[in-house]
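Participant: Build me a structure from this.
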Amino acid sequence: MLNKAHLINQFKKTMNKKIWLIAAAVIAILLIAFSIFSPKKNETVAVTATVMRGPFEILVYSTGQLESENSDNILIPEKMNDRQIRISSLTITDMVDEGTYVDSGAYVATLDHQAVEEQRKAALDEMEKALSEYEDGKIDSNLTLSNQRDLIVNATLDLEEKEIAVQESAYEAPSIQRKVEMDLDKAKRKLAQVKAAYELITQQETNKVMRRFINYKQVRERVEALNQLMDALIIHSPHAGIISYYQYPWGGAVKTGSRVSQWEPIIATFPNMNTLVTKTFINEIDIALIKKGQKVKIGIDAFPEKELPGEVVSVANMGQLMPNSDAKVFEIKIKVNGSDPELRPAMTTSNTIQTNSFKDTLFIPIESVFNNDSMSFVYLADGKETKQIIETGEENENFVIVRQGLTQGQQIYLTEPEDAESFALAGMEIFNDILRKKEEEKAKKAEEEKQRQLQQKPMELPQGIQMPNVTGAVIISK
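Facilitator: Predicted coordinates:
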């Protein structure tokens, strides 16, 4: 029994050693296989793409805002345009919320009463002063003219005395007669002078009083205009409709706290929801692609399921700086074709502008194209290590058109291969053809510029000056 137990223990020990040896051998084999077949750290995996053929679109994306193409404006009171008012602008102190539906004659906004009241009080004080000056002027004129009439009466009496003295001197000595006659002539001249002075003073006093009356009248009319303006500071709706805040061209809107004036007279608008446009801004890099008449797909952020067709109707000639940025953008307007009762002004739109499209053309990913000076090329993934020169065309955000150098279905590398230096360059005839086209285009533009200059109207010289037929001085004829 002891021998049997001993043999069993020996067998178990032997089997345990074999199991451990087998397990160690398996682990060693797995480690060797992993080290052989696993990719090395510095080894890169080549990614390829296929040359594709099919429709190709060049799209520009932008975000815009809906607004009415045609709208009726609610303007400042007409009296604010009166020059007598002397109020250049007023603040909107209260205004209904945007999107409010109002009936005809309903309340819309209130303009600053305090500013007008201050002007009205100042005008009333000025009117009282002008009236007082006018009344004082009439009294002063009456006193002046009364004194002047007394002078005429006195001069007339003096003349009569001189005439009597002449009559009484008929029997006096000649020298006395002569003296009396001279006194009579002086009296006549004095009377004539006093009468002439009376006419001038009358005209002078009349003009003085008239000027004061005109000043008083002008101030009085200004007070009346200010009173009329006070009554018109409550703005009412001219007809029924939805109120929309007027959007400034440079951004922002007219609302409570904004100032309105003769030069910016719009308080609010009634948008025509049947003719909507979306206003958006395109950066200066993409603006050269945008043309009138291009088709647009318009998405409404508030209604993601809606998509409306549109068309570019205007492109700004001048760029503008974006607020708080150095980027320049150009304003464009896109007309919304059709209408939707759920659309509202100021809704945000996502616009996809189709600047160009091709029904059937070759194209490849932009990442697969490499450039060396003026040469564009790709790396062919055909096992022949070829660096193929290509002629590229238009591109969008992901792909570029291939005009020459590739065929449909070819495989190309998206990244530069590790052994790119060993790839042989092919397609020099394509590169030479590209250079030839560039030279032809350059010569064509030069010829067009030459023809344009020849067709320009020659400069007209002043009359009497003509240019000589040969090199020399300008001829001036007399």
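Participant: Low-confidence regions, the stretch 151-300 of the chain specifically.
Facilitator: With pLDDT under 70 as the threshold, the stretch 151-300 of the chain has no low-confidence stretch at all.
Participant: for the longest helix along the chain, the distance to its chain's centre please.
Facilitator: Counting by DSSP state H, the longest helix found in the chain is helix 174-231. Distance of helix 174-231 from its chain centroid, counting by CA atoms, centre = their mean, to the nearest Å, is 60 Å.
Participant: In contact with Met270, which residues are there?
Facilitator: Residue 270: Phe, not Met. Shown in contact with Phe270 (CB atoms under 8 Å, 6 or more residues apart in numbering): Ser71, Asp72, Asn73, Ile74, His239, Gly241, Ile242, Ile243, Ser244. Quick note: C-beta positions are derived from backbone N, CA and C, even for glycine.
Participant: Buried ones among those residues?
Facilitator: Among those, those buried by neighbour count (16 or more other CB atoms under 10 Å) are Ser71, Ile74, Gly241, Ile242, Ile243, Ser244.
Participant: In JSON lines: those residues, plus distance to Leu143 and secondary structure.
Facilitator: Listed next are the buried ones among the contacts of Phe270 as JSON lines, based on distance: CB to CB, whole Å; DSSP: H, G, I helix; E, B strand; the rest coil:
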{"residue": "Ser71", "distance to Leu143": "64", "secondary structure": "strand"}
{"residue": "Ile74", "distance to Leu143": "56", "secondary structure": "strand"}
{"residue": "Gly241", "distance to Leu143": "65", "secondary structure": "strand"}
{"residue": "Ile242", "distance to Leu143": "68", "secondary structure": "strand"}
{"residue": "Ile243", "distance to Leu143": "63", "secondary structure": "coil"}
{"residue": "Ser244", "distance to Leu143": "65", "secondary structure": "strand"}
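Participant: Roughly how far does Gln114 sit from Ser258?
Facilitator: For Gln114, the distance to Ser258 equals 16 Å [CB to CB, to the nearest Å].
Participant: and Thr349, how many neighbours?
Facilitator: Look at Thr349: counted by other CB atoms under 10 Å, it has 25 neighbours.
Participant: Tell me the helices and strands packed up against the longest helix of the chain.
Facilitator: helix 113-168 (3 or more CB pairs under 8 Å, 6 or more residues apart in numbering; DSSP states H and E).
Participant: Nearest to Asp340 among the contacts of Phe270?
Facilitator: For the contacts of Phe270, the minimum distance to Asp340 (CB to CB) is 14.7 Å, reached by Ile242.
Participant: Quickly list what the closest one is bridged to.
Facilitator: Counting by DSSP bridges, Ile242 is bridged to Tyr101.
Participant: Check the gap between it and Val277 for me.
Facilitator: Distance from Ile242 to Val277, by CB to CB: 17 Å.
Participant: now Ser104
Facilitator: The gap separating Ser104 from Val277 is 26 Å, by CB to CB.
Participant: Let me see the ranges of the strands in the stretch 301-450 of the chain.
Facilitator: Listed in chain order, the strands of the stretch 301-450 of the chain (DSSP state E, counting those that start in this stretch) span 303-315, 320-321, 328-336, 348-365, 370-372, 375-380, 386-395, 399-404, 411-413, 424-426.
Participant: any chance of the ones you listed in TSV, plus distance to Trp250?
Facilitator: Formatted as TSV, the strands of the stretch 301-450 of the chain follow (distance: least, CB to CB, whole Å):
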stretch	distance to Trp250
strand 303-315	17
strand 320-321	8
strand 328-336	10
strand 348-365	19
strand 370-372	40
strand 375-380	42
strand 386-395	34
strand 399-404	37
strand 411-413	48
strand 424-426	54
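Participant: Can you flag the weakest of those by average pLDDT?
Facilitator: By mean pLDDT, the lowest-scoring of those turns out to be strand 320-321, with a mean of 84.
Participant: Make sure Asp340 is actually in contact with Pro309.
Facilitator: No. With contact defined as CB atoms under 8 Å, Asp340 and Pro309 do not form a contacting pair (11.8 Å).
Participant: Please read off the pLDDT at the nearest residue to Met230 once chain neighbours are set aside from the model.
Facilitator: Closest residue to Met230 apart from its sequence neighbours, by CB to CB, 6 or more residues apart in numbering: Val116 at 5.5 Å. Note on Val116: pLDDT of 91.
Participant: What is the burial count for Val116?
Facilitator: Using other CB under 10 Å, Val116 has 21 neighbouring residues.
Participant: per-domain residue ranges of this protein.
Facilitator: With automatic domain parsing as the criterion, the domains of the chain are listed as 43-70+276-478, 71-111+234-271, 113-232.
Participant: Point out the most buried one among the ones you listed.
Facilitator: Greatest average neighbour count among the domains of the chain goes to domain 71-111+234-271 (a mean of 16), per mean count of other CB atoms under 10 Å.
Participant: Can you get me the start-to-end distance on that one?
Facilitator: Chord length of domain 71-111+234-271, first to last residue, is 4 Å (CA to CA, to the nearest Å).
Participant: Thought Val166 was touching Val180, still the case?
Facilitator: Yes. Val180 is within contact range of Val166, at 5.1 Å (criterion: CB under 8 Å).
Participant: Just give the nearest non-adjacent residue to Arg309, would you?
Facilitator: Careful, residue 309 is Pro; it's not Arg. Excluding its sequence neighbours, the residue lying closest to Pro309 (CB to CB, 6+ apart) is Asn337, at 4.7 Å.
Participant: Identify the residues contacting that neighbour.
Facilitator: Asn337 sits next to Leu308, Pro309, Gly310, Glu311 when contact means CB under 8 Å, 6+ apart.
Participant: how about a cut-off of 10 Å?
Facilitator: Asn337 makes contact with Leu276, Lys295, Val296, Ile298, Leu308, Pro309, Gly310, Glu311, according to CB atoms under 10 Å, 6 or more residues apart in numbering.
Participant: Quickly note the distance from the last one to Asn337.
Facilitator: This points to Glu311. Note on Glu311: its distance to Asn337, by CB to CB, is 7 Å.
Participant: Identify the contacts common to those two.
Facilitator: With contacts defined as CB under 10 Å, 6+ apart, the residues shared by Glu311 and Asn337 are Lys295, Val296, Ile298.
Participant: who's in contact with the closest residue to the first one other than its chain neighbours?
Facilitator: In this structure, Lys295 finds its nearest non-sequential neighbour in Gln354, 4.9 Å apart by CB to CB, 6+ apart. Remark: with contacts taken as CB under 10 Å, 6+ apart, Gln354 is in contact with Glu57, Ile58, Leu59, Val60, Gln294, Lys295, Val296, Lys297, Val312.
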